[in-house]
Structure formats: C-alpha cells, structure tokens
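1. structure for the following, please:
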Amino acid sequence: MKIKYSTLFLSCAFALSAQAAEQSASPKADVLGRHVSSTRNVPKAYIKEVKKQVNQKSDVVKSKSLAKVANYPSEASIRKTYGAFEHRNGHRWYALDADEGLSESLYLSKINQIEENDNGRESYYRSNSHDFPTRNPSAYYFVTFEGTDDCVGKTSCYAHVSYEPGRDVHGYVITSTGDEHEFLDYKKILKNSNLYNTLYNNGYKGNNIGISFTENGAPLAGIVPTSKLVMKGDCGTAYSGIPHATNVARVLNRVAPKATLYGYLNNCKNEWNNSVVVPPDGFNPFSPKVFIGSHSYGNPHKEYALESRDIDDYIYETRTIEFGSIGNSGLLNTSNGHASAVAMGVNVISVGAVRNDMTYYPSSSWKNPKLRENSSDTQSGREYVKPEIANFADILFPEDDAVYVNKQTSANLIKPRFGATSSATPYTAASTALLLDRYPFYRWHPEVVKALLITSSVNKINDAEQHDEDNVPFKIAMGVPDGKAMTQNNRSRFWNGDNDEFFNSNGQISFTESNIEPNKKYRIAIAWLSSGTYVYNSGRIPQDIDLYVDQNGERVGYSGSWGNPFEFVEFTSNSDRPLTITISRFRNDGGRVLLGYNLLRVPDEYQN
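-> Numbering: from 1, shown residues only. Below is the predicted model:
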C-alpha cells in the first residue's frame, strides 16, 4: 500500500548518460512512500497534498497495479522507438534506439522515415477522414474603415483592459471593471523572454514548420502574407469573429514569420463528426507539415468534456503539439466553469496569461478542472493541474493601423494590440515553432515539449502564488518560459512504443545522468500522452507514472501526484556525482508508452 503524494527537494544534482539503461533501480523508500533512515534528513520544499474526495474521510491509499484492465480499447501497434538529444559544447548530440552520437542529418533521415510510416497516425486519419467544403474562407471581401487607437505606431503604450465583474481567488467581489496594462512591441517581448537572441535573431523563425489554428472567423486580408497563410474550409465567417482571428494569426506570424499557418473555422465541426476542428486531411499531404496547433477559443467547463476527449485523441494518435487557451474566467464564480474545454485536454499544453510587469492577468483562469466521475471507480473524477504554462500576453504591433470591419462599431474594431489568454496561447505556439526550427528533435513530441516548457518556466511571475493557489503545491505555471532555458543545457529523451515496451518487470525505466555541476539548481520533468477516449469514459488517465531521483545512495527528489499526466522536481546539486533517474509506472490500465523527459541545468541568472 502506498499514500500518493509528491515531494520536491532542494538538494541534489544531475547529468546525462550516453544510453538509456533499462535495469531496475530500487527506490530508497518503504512501501508507503516514506523515506528510509538514510534519506529522512533531506529537506522538503513542499508536499503535494492528497486531496480528499467527496464521501472520503481519510487520505486515499491504493496498491500498485501493473495489470492492464480488460476493457481497455484496442489500438494500432506502433514501432518501438527511443530517442535522446543534447546540445553539448556547441554540438548537437542525438541518439536513436541503439545508435548514439548520430549527426542531425542522419537522425532526421531515420526518424522521418519512422514518422511517415507511423501506424497510429495513419489509422487515425483513415478512421477520421472527412471532407471540408472545397471553397476556402477568407475575409478579403469585407470592407474596412480606418479606426483609431492610442497605441497605433508605438512600441510601448498603456491601455485600459476590461474584465467581467466577478470574484478573486479568495471569493471577494471584484467591483473594478479593469485596469491599465502596458503593451509592448512583440520584438521587445521576445527580448524579455530571451527568445530574441537565442532563436529569432539567429534566423530561427519557424522555417519548415506548419502551425494550425482554429477560430470563429477568418483573418483580415493583408495581415499575414498570402504565402504564409492557408485557410481551409468555408463554413461561414461572422463579422464578430474576424478581429479575434486576425489578431491570433498576427501573433503567430509576427513571432514566427517563416512558419506556414493553416487556418480552420470552428463552426466546421458541424461538417464532420468531431467536437473540435483539427487538420482533417492528415499529416502527410502538408508542406510544411503541421507540427503545432493553437486554440484560443472556448467556453469554460468544470470537467473533462467532449472537446477535451477529441483533442486528446488527436494528439495521442498524431503527436502534434497542441496549445490551448486556459480561458479568462479567473474573476468569475468558479462554480460556473474553470477552463476552456480544449485546454482541459490532458495531452494539451494549456496556457495562462501574464502581463509585462510579470504579474498574472487577473482574468486568467486558475481553478483546476476535474476528470469525469465514474460511479464504478472511486479514483475517478480527480482534479488535475491546469494551466501547465503561463506566458506573456499584452502584445503590440506598432507597424499596423487600427481598422473597422464593415460596420463602425467597437465590436468590429481591430486594434494593433492583443491581450489575455487568447494572445498568450499563439505567442507560446509561435515560440515553440522557433524552437522546432532550431532543434528538430522536438517535432512530433508534445510530451517532451511539455516537459521542456515546464522545466524552462524559470522567469518568476511575481504574484503567481497569490493568483493560482491551486498550483502552488505543484510549482507549475509559477514562471514564464525563458529562451535560454528552452535552448541551453537541456537533456531530452522520449520513449514511444506499445504498452509492454521499455518498462521492466517492476514497472520501471532507470538510467543515470552524469557530468553534474555541484551547487547548481536543476529541474526535471516527465510527461506522457493518454487516450482521450479512455480518459473520458473511465474518469482517469490510464497510466500513473512517478519520478524518483537518487544521488549518492540517497533519495533527493520524488514526484508522484495522482491525476496529473506529468511529474516535476527541482533541486540543487551538492556534488558532482551522477544521478539515478527512476521512472516508475505505479498504475497501468493500458495504452501506449508515449513518454517524454527533460532535464535542465537552470541558467545562471535564475540560479538564486
């Protein structure tokens, strides 16, 4: 029996071994997860408390279970593939299966062939093939009129941002209807994120990366060069949807100007059997291929929804990297909703909104959602952490004018600025396109990208603990991803295969990380993908995986939360001795192994 909880330790170290060993490592804890005598004096930074469920009077205790459930749905078998990547001393180091030290060109040649013939992806497209209307939508035929806005032509300006009246995280009524925000030129924000010097200014601007986005309208003509925008499916464009779609496309294009955007209309979901609109014509026909999706729309929900299921199934089968706006319900009564349905997907990377003064948008949703309850399973219906990421939102486009679309009303005014989670989401998607341009290892790996973004969120948000109390025990979305942390001193791995691959008979994957710098702060995260259909029907993720970190024979880090599809630890090394990393599958209902890992040596400016 074991009480599930998670502890973060401020003591330790890390590095990378040249190969992923599969030998068993014995965790230095008893069966209840308590540290044995050799490790009890390790200081605890926090404990992820086990939340009591309705009608439960004590903390939940459960047995480790590695047996697959009988009713897990059948799935297409996929190729067993292991990969690793590190940028070592100015050189890119790749491993693929048993081959180590591969050149980037050789790695890409091998992995591209594997991905082009992926059984899961091909099976998904065959079973979900739907025809969109042949005429593609556009906003070309809409008449525009010159508008006014105080931020036109400026690289920095203050503007009033309105919120719906509601309550703060403590339940106090908010009477203010908004406040003043500083909007900054998108290039200035890239510089503040350390993305400008590490990626954008070095020519990494989304070359050969396709990004899909779904909106209720089409972007206004001329905002994005026609060579970089492909709209798919004419299912009707409402005037009211054009400003939002225009700004989403503008953020994606300005931050990743070399990426190709594929736009879809949200109401096209009525044309085919799915609750969310994703590229229906598949991975292979596109050039460049769609590696990333951005979703800045949706209404708040309290629990995992149909849209959550369908976007999760899409990611599980195609392994695109999908970002979802967490929503702007942070000031609303949480009984009315928590997060947007797409962002609730357990495979989705959901994004909160941060102002340029490094404080949260007051309206950025913070209440963690729940999985659906299953009357036959007492472990169903648990809360899980959302958002996983928060990013800059108040973005200014100084080269653009303010224009009205058709009718001169405030509802149809397209301003040269964009904010809230609707802006933070495409900003994060476009930033990731820069990363995939520089480091193609991360293509097809939303699980590794999620781990990378969690570990690289080192730029502290000043009021994170006050704004999102739900996430404080997990230390998630407490900072903004930093460009140096995203691109330097990372060691990334993935394991893709069927359910019985990689984990040994004890349900473990174990390997060592060497070349540890003493007295340095490190962060490690793992993340994995799940079948949306199984999560929706059962009310829980099919695999519960925990993370253990040992050094010098002592337990220095452990994360074992209940319902999250990721685990995260942070620690400071106290020697140069190697780490032993143990990834332990605590529960296994079924499903593929789609597991990602990232280890970060935190940049020097964030060491304190």
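
2. distance of residue 491 from residue 103?
-> Counting by CB to CB, to the nearest Å, the separation of residue 491 from residue 103 is 18 Å. Just so you know, the C-beta spots here come from the backbone N, C-alpha and C atoms, and that holds for glycine as well.

3. between the two, which one's more packed in?
-> Regarding residue 491 and residue 103, a neighbour count based on other CB atoms under 10 Å identifies residue 491 as having more, with 22 against 12.

4. tell me the SS of the more buried one?
-> Going by DSSP: H, G, I helix; E, B strand; the rest coil, the secondary structure assigned to residue 491 is strand.

5. hang on, residue 304 packs against residue 368?
-> No: between residue 304 and residue 368 there is no contact under CB atoms under 8 Å: 11.7 Å.

6. can you pull the contacts of the nearest residue to residue 195 once chain neighbours are set aside?
-> Leaving aside its chain neighbours, residue 195 sits nearest to residue 483 (3.8 Å; criterion: CB to CB, 6 or more residues apart in numbering). Taking CB atoms under 8 Å, 6 or more residues apart in numbering, we find residue 483 in contact with 190, 193, 194, 195, 196, 197, 198, 199.

7. quick check: domain ranges of the protein?
-> The chain breaks down into these domains under automatic domain parsing: 2-129+487-606, 144-439.

8. contact partners for residue 385?
-> 368, 470, 471, 474, 476, 561, 564, 566.

9. quick one: the helices in the stretch 351-500 of the chain, in order.
-> Under the criterion DSSP state H, counting those that start in this stretch, the stretch 351-500 of the chain contains helices at 421-438, 446-455, 464-467, 483-487.

10. turn the ones you listed into CSV, including mean pLDDT.
-> Supplementary listing: the helices of the stretch 351-500 of the chain in CSV, determined by pLDDT from 0 to 100:
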stretch, mean pLDDT
helix 421-438, 98
helix 446-455, 98
helix 464-467, 92
helix 483-487, 97
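
11. right, so of these, which gets closest to residue 147?
-> Distances from residue 147 to each of the helices of the stretch 351-500 of the chain were compared using CB to CB; the shortest belongs to helix 421-438, at 18.9 Å.

12. returning to what we had before: and the residue nearest to residue 195, how far is that from residue 149?
-> Looking at residue 483 against residue 149, where the rule is CB to CB, the gap reads 29 Å.

13. got any ranges where this protein has weak pLDDT?
-> 1-67, 126-144, 164-177, 233-239, 269-274, 280-285, 333-337, 407-411 (pLDDT under 70).

14. kindly recompute the last result at 80.
-> Scanning the chain for pLDDT under 80 picks out the ranges 1-71, 88-89, 122-146, 163-178, 232-240, 266-286, 332-337, 375-379, 406-412.

15. just want the most central residue of it.
-> With distances taken as CA atoms, centre = their mean, the chain has residue 349 as the residue nearest its mean C-alpha position (2.3 Å).

16. which strand residues bridge that one?
-> As for beta bridges, residue 349 partners with residue 323 under DSSP bridges.

17. quick one: residues contacting it.
-> Listed by CB under 8 Å, 6+ apart, the contact set of residue 349 reads 321, 322, 323, 324, 388, 389, 428, 446, 449, 450, 453.

18. let's see it at 6 Å
-> For residue 349, the contacting residues are 323, 388, 389, 450, by CB atoms under 6 Å, 6 or more residues apart in numbering.

19. could you report the neighbour count for the first one?
-> When neighbours are counted by other CB under 10 Å, residue 323 registers 32.

20. contact partners for it?
-> With contacts taken as CB under 6 Å, 6+ apart, residue 323 has the following neighbours: 294, 349, 351, 425, 428, 429.

21. which of those residues sit farthest apart?
-> Based on CB to CB, the longest span within the contacts of residue 323 runs between 294 and 349 and measures 10.4 Å.

22. which residues of the stretch 51-200 of the chain fall in strands?
-> Listed in chain order, the strands of the stretch 51-200 of the chain (DSSP state E, counting those that start in this stretch) span 61-62, 81-88, 91-96, 99-102, 144-146, 156-162, 166-167, 173-174, 178-185.

23. hmm, back to that, measure the residue nearest to the centre of the chain to residue 529 for me?
-> In this view, residue 349 and residue 529 are 12 Å apart by CB to CB.

24. just residue 303 next, same as before
-> From residue 303 over to residue 529 the distance is 20 Å, taken as CB to CB.

25. between the two, which is the more surrounded one?
-> Higher neighbour count among residue 303 and residue 529: residue 529, with 26 against 18, using other CB under 10 Å.

26. for the residue lying closest to residue 361 once chain neighbours are set aside, give its distance to residue 314.
-> Ranked by CB to CB, 6+ apart and with sequence neighbours excluded, the top spatial neighbour of residue 361 is residue 353, at 3.8 Å. As for residue 353, its distance to residue 314 is 24 Å (criterion: CB to CB).

27. these two: which is more packed in?
-> Comparing residue 353 with residue 314 by other CB under 10 Å, the one with more neighbours is residue 353, at 29 against 24.

28. show me what that one is bridged to.
-> Partner residues in beta bridges with residue 353, using DSSP bridges, are residue 391.

29. list just the nearest of the contacts of residue 349 to residue 406.
-> Proximity to residue 406 was ranked across the contacts of residue 349 by CB to CB; first place goes to residue 323, at 30.2 Å.

30. wait, doesn't residue 215 sit right on residue 245?
-> Yes: with contact taken as CB atoms under 6 Å, residue 215 and residue 245 are classed as touching, separated by 3.7 Å.

31. how about the contacts made by residue 471?
-> By CB under 6 Å, 6+ apart, residue 471 lies in contact with 385, 477.

32. any idea how far it lies from residue 364?
-> When distances are taken as CB to CB, residue 471 and residue 364 turn out to be 12 Å apart.

33. follow-up on the earlier one: let's have the helices of the stretch 351-500 of the chain in JSON lines, adding distance to residue 539.
-> Rendered in JSON lines, the data for those read as follows (distance: least, CB to CB, whole Å):
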{"stretch": "helix 421-438", "distance to residue 539": "26"}
{"stretch": "helix 446-455", "distance to residue 539": "22"}
{"stretch": "helix 464-467", "distance to residue 539": "28"}
{"stretch": "helix 483-487", "distance to residue 539": "34"}
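
34. quick one, which of those helices is nearest to residue 572?
-> Ranking those by their distance to residue 572 (criterion: CB to CB) puts helix 446-455 first, at 14.6 Å.

35. start to end distance for stretch 511-524?
-> In stretch 511-524, first residue to last residue: 14 Å (CA to CA, to the nearest Å).

36. list the buried residues of that stretch.
-> Of the residues in stretch 511-524, those buried by neighbour count under the rule 16 or more other CB atoms under 10 Å are 511, 512, 513, 516, 520, 521, 522, 523, 524.

37. ok, stretch 465-482 next?
-> Buried positions in stretch 465-482, judged by neighbour count with 16+ other CB under 10 Å: 467-468, 470-471, 473-482.

38. for it, the distance to its chain's centre please.
-> Computed by CA atoms, centre = their mean, to the nearest Å, the chain-centroid distance of stretch 465-482 equals 14 Å.

39. before we move on, the earlier item: could you save the strands of the stretch 51-200 of the chain as CSV and add columns showing distance to residue 415 and mean neighbour count?
-> Output for the strands of the stretch 51-200 of the chain, formatted as CSV (distance: least, CB to CB, whole Å; neighbours: other CB atoms under 10 Å):
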stretch, distance to residue 415, mean neighbour count
strand 61-62, 52, 13
strand 81-88, 39, 20
strand 91-96, 41, 18
strand 99-102, 48, 14
strand 144-146, 13, 13
strand 156-162, 8, 15
strand 166-167, 24, 16
strand 173-174, 24, 13
strand 178-185, 10, 18
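
40. of those strands, which is nearest residue 581?
-> strand 81-88 (12.4 Å).

41. listing partners with orientation, what would you give for the closest one?
-> Within its sheet, strand 81-88 is paired with strand 91-96 (antiparallel), strand 490-497 (antiparallel), according to DSSP bridges.
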